[in-house]
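Colleague: What follows is a predicted structure for the sequence shown.
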Amino acid sequence: MKVLEFLKGIKSPKLRLAWLVAIAADAIQIVALPLFVPGGMSPVDVVLDAAAAVVLIELLGWHWAFLPTLAAELVPGLDLFPTWTAAVFFVTRQQVHSGEPEILPPGPAPAPRRS
């Protein structure tokens, strides 16, 4: 499966777990949609979204992308879009991984870092 190959390629255990939580939360909401149909404010749906938000913030830290994601999850019908997965993608796509060069903006060279 492509998802498992992708997750194996992520070196950080926290990032891997964050991706797994986001994918699982979205999959549960999409696959189990008939259970959540009574409304976007279904207690099970709200608990699932709140748990996903808490776990992702714990793993990745606070990011503004989580706020509109949580708001979108409360709108009936938007659960059909993988919003948690999209938020994790947005949050993790800009992180500089060790071993990757840091790309600096044009301009004068910054002072060397001292460890």
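Modeller: Happy to help now that I have it.

Colleague: From now on I want contacts and neighbour counts done on CA atoms only, so please keep to that.
Modeller: Will do.

Colleague: Quick check: buried residues in stretch 64-79?
Modeller: Using 16 or more other CA atoms under 10 Å as the test for burial, stretch 64-79 gives 65-66, 69-70, 72-74, 78-79.

Colleague: quick one, helices of this structure?
Modeller: Under the criterion DSSP state H, the chain carries helices at the ranges 2-9, 13-31, 33-36, 43-60, 66-73, 83-92.

Colleague: Excluding sequence neighbours, find me the nearest residue to the residue positioned nearest the centre of the chain.
Modeller: Central residue of the chain (CA atoms, centre = their mean): V88, 2.0 Å from the mean position. With sequence-adjacent residues excluded and distances taken as CA to CA, 6 or more residues apart in numbering, V88 is closest to W19, at 6.5 Å.

Colleague: Pull up the gap between P43 and V21, please.
Modeller: According to CA to CA, to the nearest Å, P43 stands 19 Å off from V21.

Colleague: Tell me which of those two has more neighbours.
Modeller: Taking neighbours as other CA atoms under 10 Å, P43 and V21 compare with V21 leading, 21 against 12.

Colleague: so who does the residue nearest to that one when sequence neighbours are not counted touch?
Modeller: In space, and not counting its chain neighbours, V21 is closest to A52: 6.8 Å by CA to CA, 6+ apart. Contacts of A52 were listed using CA atoms under 8 Å, 6 or more residues apart in numbering, and they are 21-22, 25, 84.

Colleague: What about those, which one has the most neighbours?
Modeller: Those, ranked by neighbours (other CA under 10 Å): first place W84, 29 neighbours.

Colleague: thought that one was touching A24?
Modeller: No: counting by CA atoms under 8 Å, A24 is not a contact partner of W84; they are 9.2 Å apart.
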